[in-house]
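Engineer: dropping a prediction and its sequence here:
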Amino acid sequence: MFLGSVIYDKRRSLNLTQSDLANGLCNQNTISKMEKHNMTPQMDVLIKICQRLDLSLNDVFSEFSSDSKPEQTFILNDIEKDVLLGNLDSIEDKIALIQDKIKAKDRAQCDFILGVVKFNIGNYELSSFHFDKVLRETKTDEDNIYTLMSYLFKGKIYYRQEHFDEADYYLGLISSSLRENLNVNNASGLEIIFLAKMVGKAYLKIKQFDFAKSISERGLKFANDNHLSYFLDELNYNLYLVYQAGDDKEKQRLYKNRAFYCADVLNNHKLQEKIEHK
């Protein structure tokens, strides 16, 4: 049974119209398309729909057929997107809703998400535990995006614990893997640009400005080549900090201005304020 069929049956059992169900959550056309199997809503909208219908996500996905892969897998991707963009509210609750439906091939992605959540609350021991699980699940395949992003966060953990040699080791593994290009087999554009942005920031912290410059420039080129706007503000800000450490005042102004205006377009007011106070 498909997601739309489950929603349809439950809505009808409660004597709700499509408009009743959509009220305050989305538009009626979204419910109509979902019930006709023409779309899957955003994660936050789906959760609210399930709450209104007194369904859990496990109820919704419990009877999916084997050929319904897009509906089975979109939830983790949507959760990961929130995590990479810094929207961390209720992430563990969302994971818990689908925990027993996660397939073996998706375990690395799930553990990566949980590792980032624990990292962001400062629980480095549990965070590292999840990233080590990822590396076991990917067999440290360096053409797997979750291997590289786990290396990134393990490096960040070591840096915060002032184990700088270990931090540099993991950054070196990432740089070596990405030396030829930024293409990684199972990576989305968001993941690649996130990795470039974060590796650039990490190199800035340890004052390896040439490496920070290279990976940030490559991240910008990848974004431009693929017509993506993710983290353009922060990549340009990385380059501003690189040139601030040198003597090229013209490049400093160029990347500072680019970072500011990209932050404005992307509504990154926190970065705008940081730039204004530089």
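Structural biologist: Okay, I see it.

Engineer: just give me the neighbour total for N77.
Structural biologist: Counted with other CB atoms under 10 Å, the neighbours of N77 add up to 15. Every residue, glycine included, has its C-beta placed from N, CA and C.

Engineer: same check, this time on the one 10 residues further on
Structural biologist: Burial of N87 is recorded as 12 neighbouring residues (other CB under 10 Å).

Engineer: for the one 10 residues further on, same thing?
Structural biologist: Neighbourhood size, L97 [other CB under 10 Å]: 21.

Engineer: quick check: it touching S56?
Structural biologist: Yes. With contact defined as CB atoms under 8 Å, L97 and S56 form a contacting pair (6.1 Å).

Engineer: ok, now how distant is the residue nearest to N144 when sequence neighbours are not counted from E234?
Structural biologist: The shortest distance from N144 to any non-neighbouring residue, by CB to CB, 6 or more residues apart in numbering, is to T138 (4.4 Å). Separation of T138 from E234 (CB to CB, to the nearest Å): 26 Å.

Engineer: how close does the residue sitting nearest the centre point of the chain sit to D78?
Structural biologist: Centroid check for the chain by CA atoms, centre = their mean gives L84 as the closest residue, at 2.7 Å. L84 is 11 Å from D78, where distance means CB to CB.

Engineer: G200 too?
Structural biologist: 26 Å.

Engineer: where along this structure do the strands fall?
Structural biologist: With strands called from DSSP state E, the chain shows none.

Engineer: returning to that earlier point: hmm, the residue nearest to N144 is touching M149, no?
Structural biologist: No. The pair T138 / M149 is not scored as a contact, 10.2 Å apart, by CB under 8 Å.

Engineer: these two: which is more packed in?
Structural biologist: M149 (27 against 22).

Engineer: and the more buried one, what does it touch?
Structural biologist: F112, E191, F194, L195 (CB atoms under 8 Å, 6 or more residues apart in numbering).

Engineer: list the contacts for the residue nearest to the third one when sequence neighbours are not counted?
Structural biologist: Closest residue to F194 apart from its sequence neighbours, by CB to CB, 6+ apart: L84 at 4.9 Å. Applying CB under 8 Å, 6+ apart, one finds that L84 lies in contact with L190, E191, F194.

Engineer: what count of nearby residues applies to D100?
Structural biologist: Neighbour number of D100 under other CB under 10 Å is 8.

Engineer: show the pLDDT at it.
Structural biologist: Per-residue pLDDT puts D100 at 72.

Engineer: ok, now R12?
Structural biologist: Here, the pLDDT recorded for R12 equals 87.

Engineer: cool, the one 10 residues further on as well?
Structural biologist: A22 is assigned a pLDDT of 91 by the prediction.

Engineer: contact partners for it?
Structural biologist: Contacts of A22 by CB under 8 Å, 6+ apart are Q28, T30, I31.

Engineer: most neighbours among these, which one?
Structural biologist: With neighbours taken as other CB under 10 Å, the top of the contacts of A22 is I31, carrying 25 neighbours.

Engineer: gap between it and S13?
Structural biologist: In terms of CB to CB, I31 sits 15 Å off from S13.

Engineer: again, but for L195
Structural biologist: 46 Å.

Engineer: more neighbours, the two?
Structural biologist: Legend: neighbour count by other CB under 10 Å for L195 and S13, higher for L195 (24 against 9).

Engineer: enumerate every residue touching the more buried one.
Structural biologist: Applying CB under 8 Å, 6+ apart, we find L195 in contact with I145, L148, M149, L152, I174, L178, A187, G219.

Engineer: could you count how many residues lie near F129?
Structural biologist: As a burial measure, F129 scores 14 neighbours (other CB under 10 Å).

Engineer: what's the average pLDDT for stretch 194-208?
Structural biologist: The model assigns stretch 194-208 a mean pLDDT of 94.

Engineer: just the CA trace of that stretch, in CSV.
Structural biologist: What follows is stretch 194-208 as a C-alpha-only set of coordinates in CSV (Å, rounded to 0.1, in the frame of the first residue of the first chain):
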residue,chain,number,x,y,z
PHE,A,194,28.7,21.3,2.8
LEU,A,195,31.9,19.2,2.9
ALA,A,196,33.9,21.8,1.0
LYS,A,197,32.6,24.6,3.3
MET,A,198,33.4,22.7,6.5
VAL,A,199,36.8,21.5,5.4
GLY,A,200,37.7,25.0,4.4
LYS,A,201,36.6,26.3,7.9
ALA,A,202,38.7,23.5,9.5
TYR,A,203,41.8,24.5,7.6
LEU,A,204,41.2,28.1,8.6
LYS,A,205,41.2,27.2,12.2
ILE,A,206,44.6,25.5,12.0
LYS,A,207,45.9,28.4,9.8
GLN,A,208,46.6,26.2,6.7
